[in-house]
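K.L.:
what shape does this take:
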Amino acid sequence: MNKYCATCDRVYLDGKEFCSFDGTALSNVVNECEEQKLVGETIGGKYLLTKFLGKDYQGDIYLAHHTHMGEPVLVKMMTHPDFSQPWQLELMRRDLQLVMLVQHSNVIRIFDFGVTNSNIAYIVTEKTSGISLSEILKKKALSINEVIDILEPVCSALAEAHKRNIITRLLSPDNITVELVDGKIEKQKVKLSLPIGLVANNPAYVSPEQAQGLELTSRSNIYSLGVILYQALTGRLPFTDESVASLQFKHIYNIPCPPQELDPKIPFAVSVTILKALAKRPQDRQSNILELVQDMSQALETPSLSAQKEIVTELRSIAQAEINTKKDLPTIKDPIVSTAEPNRKKWFSIKLAKLRYPTTFWKIALNLYKKYFAQVTTQKVR
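P.N.:
Model prediction:
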């Protein structure tokens with residue numbers, strides 16, 4: 001009977017009793033319970049299933065070993081009904097061909113794809129030793145530095161996919177694998193799975209355009225990452241609802257509560273950056289996935305909390321004054337010259353003199369200006 005090492009996950013086919021690498025006593029590959037009914041079977045003539053690992057939204061996941069090489073891999077049996085028809089399998093095959101072109105150290109590699117005699121599709125991927133980000137978020141919210149350590153490699157992997165015009169429709173914490181070393185996130189070992197297929201794993205992370213069935217762009221992934229950032233820092237999703245239709249409606253029309261209002265420890269500029277990623281219109285989000293990382297990093301160089309509150313108060317009064325005088329909103333190209341109020345130019349000059357990072361200030365100021373202007377206008381119209 002085939003045996004495997006529970007420590008290093010290597011399989012031995014020659015009747016050994018102990019692992020040659022670490023000396024662990026080998027275990028028999030047996031079917032221990034009903035849900036592991038495939039354990040011990042060989043898939044595709046070369047992948048021996050040795051352990052049932054669990055389920056996800058697409059099917060059952062097994063630890064397996066190549067019968068000739070002995071190295072561990074993961075085999076996902078696509079048991080979901082949406083992967084049973086020939087045309088669905090063909091779409092899956094085409095998606096996999098594209099995903100396999102993405103060669104990046106932070107992307108989980110796909111080795112093989114096939115269909116069993118019982119018409120069940122399977123995907124063979126590399127074995128990772130980390131846990132999913134969703135499992136980490138169930139226990140706690142993350143610090144900003146931890147979030148950036150995860151965001152940078154994920155965005156780097158997505159940028160490589162976007163270069164090949166690959167836009168994933170199923171981006172969520174379930175598809176991000178994080179390895180912890182001494183309780184800390186190992187940045188170099190964060191892996192992204194580029195999911196394929198027709199089954200949406202979680203509508204809580206879909207972009208407004210995806211919820212409406214519109215064409216997706218790379219900025220759709222920016223929105224999904226914005227939801228993940230929001231959840232990672234606040235410990236909650238921007239929108240929740242038991243009804244999928246109601247949840248999609250909220251993604252399309254509702255404005256999320258600013259992260260800083262949920263947790264005052266979150267820097268003001270970080271909150272603004274996340275809200276920008278969650279903009280309803282794709283053109284209002286960051287221009288590309290790497291800009292999101294840059295904005296998050298720069299957001300740590302923002303003014304103090306007292307200065308932030310002053311900016312909010314002043315911008316609210318400016319927005320209200322603009323409504324009362326029915327002035328046009330100043331353009332982004334020339335926000336000072338476009339206003340007719342000399343005291344406002346003086347106010348901006350004072351703020352610029354006080355702040356160390358005028359570029360960051362302008363981003364915050366303009367975004368807040370437009371935000372509160374829009375809110376006041378909407379309230380007045382109602």
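
K.L.:
test my guess that Tyr57 contacts Thr79.
P.N.:
No - between Tyr57 and Thr79 there is no contact under CB atoms under 8 Å: 10.8 Å. Glycine gets a C-beta too; all of them are placed from N, C-alpha and C.

K.L.:
tell me, how many residues neighbour Glu242?
P.N.:
6 (other CB atoms under 10 Å).

K.L.:
try Lys184
P.N.:
Counted with other CB under 10 Å, residues neighbouring Lys184 total 10.

K.L.:
so what's it bridging to?
P.N.:
Val181 (DSSP bridges).

K.L.:
look up how far Ser297 lies from it.
P.N.:
Taking CB to CB, to the nearest Å as the measure, Lys184 falls 19 Å from Ser297.

K.L.:
how close does Phe113 get to Ala269?
P.N.:
From Phe113 to Ala269 the distance is 44 Å (CB to CB).

K.L.:
the more surrounded of those two?
P.N.:
Neighbours were counted for Phe113 and for Ala269 using other CB under 10 Å; Ala269 has more, 24 against 20.

K.L.:
so the more buried one sits in a strand?
P.N.:
No - judged by DSSP: H, G, I helix; E, B strand; the rest coil, Ala269 forms no part of a strand; its state is helix.

K.L.:
so what pLDDT did it get?
P.N.:
With respect to pLDDT, Ala269 has a value of 91.

K.L.:
can you list the weak-confidence ranges in the stretch 101-250 of the chain?
P.N.:
Along the stretch 101-250 of the chain, the parts satisfying pLDDT under 70 run over 196-201.

K.L.:
ok, 80 please
P.N.:
Within the stretch 101-250 of the chain, the segments meeting pLDDT under 80 span 182-183, 195-202.

K.L.:
ranges for the helices of it?
P.N.:
Using DSSP state H, counting those that start in this stretch, the helices found in the stretch 101-250 of the chain span residues 133-139, 144-163, 208-211, 218-234, 244-253.

K.L.:
redo those as TSV? Include distance to Met69 and mean neighbour count.
P.N.:
Listed next are the helices of the stretch 101-250 of the chain as TSV, based on distance: least, CB to CB, whole Å; neighbours: other CB atoms under 10 Å:
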stretch	distance to Met69	mean neighbour count
helix 133-139	29	16
helix 144-163	26	20
helix 208-211	39	20
helix 218-234	34	24
helix 244-253	43	16
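
K.L.:
got these as JSON lines, with distance to Met100 columns?
P.N.:
Below are these laid out as JSON lines (distance: least, CB to CB, whole Å):
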{"stretch": "helix 133-139", "distance to Met100": "23"}
{"stretch": "helix 144-163", "distance to Met100": "11"}
{"stretch": "helix 208-211", "distance to Met100": "24"}
{"stretch": "helix 218-234", "distance to Met100": "19"}
{"stretch": "helix 244-253", "distance to Met100": "31"}
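
K.L.:
Met92: which of those is closest?
P.N.:
Nearest to Met92 among those is helix 144-163; the distance by CB to CB comes to 17.1 Å.

K.L.:
tell me what that closest one is packed against?
P.N.:
strand 176-178, strand 184-185, strand 191-192, helix 218-234, helix 289-298 (3 or more CB pairs under 8 Å, 6 or more residues apart in numbering; DSSP states H and E).

K.L.:
so which of these gets nearest Gln260?
P.N.:
helix 218-234 (9.2 Å).

K.L.:
which strands and helices sit next to that closest one?
P.N.:
Judged by 3+ CB pairs under 8 Å, 6+ apart, helix 218-234 is in contact with helix 133-139, helix 144-163, helix 208-211, helix 259-262, helix 268-277, helix 289-298.

K.L.:
ok, Ser134 to Tyr57 distance?
P.N.:
11 Å.

K.L.:
sheet partners, orientation included, of the lengthiest strand in the chain?
P.N.:
Using DSSP state E, we find that the single longest strand of the chain is strand 47-55. Counting by DSSP bridges, the strands paired with strand 47-55 are strand 42-43 (antiparallel), strand 60-66 (antiparallel).

K.L.:
mind listing what's buried along that strand?
P.N.:
Tyr47, Leu48, Leu49, Thr50, Lys51, Phe52 (16 or more other CB atoms under 10 Å).

K.L.:
could those residues go into TSV alongside pLDDT?
P.N.:
Shown next, in TSV, are these (pLDDT from 0 to 100):
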residue	pLDDT
Tyr47	90
Leu48	90
Leu49	90
Thr50	87
Lys51	86
Phe52	87
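
K.L.:
nearest to Leu91 among those residues?
P.N.:
Tyr47 (22.9 Å).

K.L.:
excluding its backbone neighbours, what's nearest Ala299?
P.N.:
In space, Ala299 comes closest to Ala269 once its chain neighbours are excluded; the distance is 3.7 Å by CB to CB, 6 or more residues apart in numbering.

K.L.:
equivalent analysis for Ser134, please.
P.N.:
Nearest-residue entry for Ser134: Pro173, 3.8 Å, with adjacent residues in sequence omitted and distances by CB to CB, 6+ apart.
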